[in-house]
Structures are given as C-alpha cells and as structure tokens.
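Visitor: Structure of the sequence below:
(3 chains)
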Amino acid sequence: MLFAKKLRTWYLENKRDLPWRTTSNPYYIWLSEIILQQTRVAQGMPYYFKFINTFPEVQDLANASEEEVLKLWQGLGYYSRARNLQAAAKHIVNELDGNFPESYNGLLKLKGVGDYTASAVASFCYAEAVAVVDGNVYRVLSRIFGIDTPINSTEGKRQFKELAQELLDKKDPATFNQGLMEFGAIQCTPQKPLCDTCPFSAECVAYNQDRISGLPVKLKKQKVRKRHFNYIVFLSEEGETVLRQRKGRGIWEGLYEFPLVETLSEVSVENLVKEDGFEEYSMSPEADVRLFNEEPIVHKLSHQHIYTKFWVVTGSDLPENKVSVAEMEKLPVPVLIEKFIDSFGF
DNA sequence: AAGGCGGGGCA
DNA sequence: TGCCCAGCCTT
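Guide: Purely as a prediction, here's the structure:
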C-alpha cells in the first residue's frame, strides 16, 4: 500500500482531539504552531487557551503591550517567540490589512515563521502542497527508510524535506502532514516506539535491522555553560523592591529580574561587595545584606546551568527602577525569579 | 555552518 | 543524567 494511504488510515483511527484541529482560522493555527515550537502539546495547551481567550483576534494581539504578551508567555520559554509573535501580528494588522498571507512564501516572511511553520499553516489552512518537517518527521522517516544523514546537518535538512515532499499526499496535504507528525508523537516515539502495532513495521528499516535506538542521527550534543548569578533583592520599609528589564541579546531578553551581579564562581558576601557592578547600587553603610539561600539554587536550562544566590538588602536607599509588590507581580519574569518570589513570600 | 535560546517530562 | 519536544534567528 502507498505510504500516504497507510498513514492516512492510521491517522484517522488514532488522532487525538486537539483544540487547534477544530478550526481553520489561520490566526489560531499560526498561534498554536508558534506555541508548539520545541514544546510538548501538554505544556503548550494551557498557553493556547490563555492566548485565544485574551486575544480572540489578531488585532487584539497587535494592540497589546509587549509586556502583557510576555507576561502571558511567562514560563513557556524561548521568549523571542512571544516578541516575534506580536511583531508579526502588528505587521498583519498594519501592512496586510488584517489578512494572513495565504501562501508558504508569504507566510515565510513573517517574523518567527520558518520553513516548518510556513508549511504547517499553508497546508492546514490553504491546502498548499508543502510538506512539514519537524522533529517527529525526522524520526519517522529516518527509521522507516533507514536514513542516517544527521538531521541537523544542511544535507540532512534538504534530504528529509525532499523525501517528505515526495511522499506528501498532494490532494490532502493537511491530513498527511498532521498524520506524519501525530504518528511520530504517538507511535514512533523517541524511546520505546510501539513497533508491535506499527503499520510500517514490515518495511521499516530501523525495525528490521534493529537500529531503532540509532535513528535518527544527530550531530554532537551542546555543552552546558555554568554561570553564577547573584540577585540583589532590595526591600524598602514601604514594601518596594527593585526590578530591571534584561536588555540586549541573550537569555530572558525583555523579562524582568532583580539587579544582577554575575560572577565567575560562587562568592561570599565579602567578595560580592567587591565585584564589578556592585558599587553602582551605592548602598548605605548601615545597609544589611543577608544571604537568602546558603546553597546556590541551580536553575537548569537546556544550554545553561545557573547557580543562583539571592541577597536580601534592607536598610538601604533603593536604586533606580523601584516597583511595589503589586507592580512586580504584573511584570514578566523568568521561572527562576518567579519561584523565588513565591518562596520568599513578600 | 555553528551557536544561542527555556522549561519540563521521561526513562 | 541525558535526550527530546509541531524550530527560528543571528553571526
């Protein structure tokens, strides 16, 4: 049986009911695709509901403040997605008269929309015959066809895109694309795929050559950078503290945090006050600096381990960027900061 | 072509 | 622990 036909049959019998599968509104489809980039369905789902409830139309998203968008996005990670999301919404409203691009090429021009997302929206909403290639597709095709080209190499990307495009059901690209991804998510999983009930096991190269654990091939693993963050948590008698917005390129761009002194290694209070950047807070001599957590809190990200100490300062004048506790809770902050705020109590 | 970017789930 | 998740952007 043809690959597409077999996949279609499997999909129609096994697909999950997901909220973005009941709409053909390109705004909702686009929103769901951005949320789901490098993100599991279970993790992204509550954010999808928050966004469509808060911003029912693309105009609502375009008119919001960046701060409000980032606050809604808080906890989901990869915050450039949220900034690009709103930039694209503004572009659609202001330059495209509120109308979504209706082709792969048009969609590709939107900020934050790459080959995958443009293919997904174009095929789901407009039945354009463009194949999606995401992590699921790499895994499924590499196993069934026994392709060991690294999926994160230039050649691998080209090869898998070409194969997916050949296999694509040109008459119903939406069902094919969703089926291939769903198959990877449910049946051909990274660990312990369900080969016993797999409709492709007879021809699957990985299954028949016992190479399941070896496919797909991925080039080298990223090494984790270790950093040491010292957050200065000012407290005034009026119940204020200080938060600052992270600027420039890097982690958590646009989010808020306490004044930060980054050091090359763990520091004591004697050394902390001698660090570059600390003197700018011009603390009063009678100020009290107290370490909140004796043992550094390790915040683990995919590419960084952040060893964090929170230093609570009382009896000092507050530097720039004072905020009340009520204002603080409306600002978007990294999960690391949110967890501290919760445990500290304020 | 390579590196950077979050947070969480799972074996 | 390490790997992966409906990837994209910058250098």
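Visitor: make it CA atoms for all contacts and neighbour counts henceforth
Guide: OK.
Visitor: Need the pLDDT of the closest residue in space to residue A:222 that isn't next to it in sequence.
Guide: Using C-alpha to C-alpha, 6 or more residues apart in numbering and skipping residues adjacent in sequence, the residue nearest residue A:222 is residue A:303, 6.8 Å away. The score at residue A:303 is 93. That number is its pLDDT.
Visitor: What lies in contact with the helix or strand bottoming out on mean pLDDT in chain A?
Guide: One helix or strand of chain A scores below all others by mean pLDDT, DSSP states H and E: helix A:269-272, with a mean of 84. With C-alpha atoms under 8 Å, 6 or more residues apart in numbering as the test, helix A:269-272 has contacts from A:278, A:289, A:291.
Visitor: from the residues you listed, which is closest to DNA strand C?
Guide: residue A:291 (24.1 Å; C-alpha to the nearest atom of the strand).
Visitor: Can you report how many residues lie near that closest one?
Guide: 17 (other C-alpha atoms under 10 Å).
Visitor: ok, now which ones touch it?
Guide: Listed by C-alpha under 8 Å, 6+ apart, the contact set of residue A:291 reads A:269, A:309-312.
Visitor: Report the beta-bridge partners for it.
Guide: Counting by DSSP bridges, residue A:291 is bridged to residue A:311.
Visitor: about what we covered before: I'd say the residue nearest to residue A:222 and residue A:223 touch.
Guide: Yes: between residue A:303 and residue A:223 there is a contact at 6.6 Å, judged by C-alpha atoms under 8 Å.
Visitor: higher neighbour count, those two?
Guide: Shown here are residue A:303 and residue A:223; by other C-alpha under 10 Å, residue A:303 has more neighbours (12 against 9).
Visitor: what bits of the stretch 151-300 of chain A have low per-residue confidence?
Guide: Along the stretch 151-300 of chain A, the model assigns pLDDT under 70 to residues A:279-280, A:282-283.
Visitor: Show me which residues of it sit near DNA strand B.
Guide: The stretch 151-300 of chain A has residues A:153-155, A:191, A:222, A:249-253, A:300 near DNA strand B, with proximity defined as C-alpha under 7 Å from any atom of the strand.
Visitor: What is the neighbour count of residue A:242?
Guide: 22.
Visitor: Which neighbouring residues are in contact with it, exactly?
Guide: Residue A:242 neighbours (C-alpha under 8 Å, 6+ apart): A:233-235, A:258-259, A:318-323.
Visitor: can you redo those as a markdown table with secondary structure?
Guide: A markdown table is the format used below for these (DSSP: H, G, I helix; E, B strand; the rest coil):
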| residue | secondary structure |
| --- | --- |
| A:233 | strand |
| A:234 | strand |
| A:235 | strand |
| A:258 | coil |
| A:259 | coil |
| A:318 | coil |
| A:319 | coil |
| A:320 | coil |
| A:321 | coil |
| A:322 | strand |
| A:323 | strand |
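Visitor: Can you tell me which of those residues are buried?
Guide: Buried subset of the contacts of residue A:242 (neighbour count, 16 or more other C-alpha atoms under 10 Å): A:233-235, A:258-259, A:318, A:322-323.
Visitor: secondary structure class for the closest residue to DNA strand B within the stretch 151-300 of chain A?
Guide: Residue of the stretch 151-300 of chain A nearest DNA strand B, by C-alpha to the nearest atom of the strand: residue A:251 (2.9 Å). Following three-state DSSP, the label given to residue A:251 is coil.
Visitor: can you redo the residues of the stretch 151-300 of chain A next to DNA strand B as CSV with distance to residue A:58?
Guide: Output for these, formatted as CSV (distance: C-alpha to C-alpha, whole Å):
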residue, distance to residue A:58
A:153, 35
A:154, 34
A:155, 37
A:191, 38
A:222, 36
A:249, 27
A:250, 28
A:251, 27
A:252, 25
A:253, 23
A:300, 34
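Visitor: Turn the residues you listed into TSV, columns for neighbour count.
Guide: TSV is the format used below for those (neighbours: other C-alpha atoms under 10 Å):
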residue	neighbour count
A:153	13
A:154	10
A:155	12
A:191	8
A:222	9
A:249	8
A:250	8
A:251	15
A:252	20
A:253	16
A:300	13
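Visitor: can you name the two of those residues that are farthest apart?
Guide: Using C-alpha to C-alpha, the pair of those lying farthest apart is A:191 and A:249, separated by 34.9 Å.
Visitor: now the helices for the stretch 51-200 of chain A?
Guide: Counting by DSSP state H, counting those that start in this stretch, residue ranges of the helices within the stretch 51-200 of chain A are A:58-63, A:66-73, A:80-94, A:104-108, A:115-126, A:135-145, A:154-167, A:173-186.
Visitor: and these, which is most packed in?
Guide: helix A:115-126 (a mean of 24; mean count of other C-alpha atoms under 10 Å).
Visitor: what's the angle from it to helix A:173-186?
Guide: 130 degrees (axes from the mean of the first three to the mean of the last three C-alpha atoms, to 10 degrees).
Visitor: what comes into contact with helix A:115-126?
Guide: Here helix A:115-126 has contacts from A:24-26, A:29-30, A:33-34, A:102-105, A:107-108, A:128-134, A:173-175, A:177, using C-alpha under 8 Å, 6+ apart.
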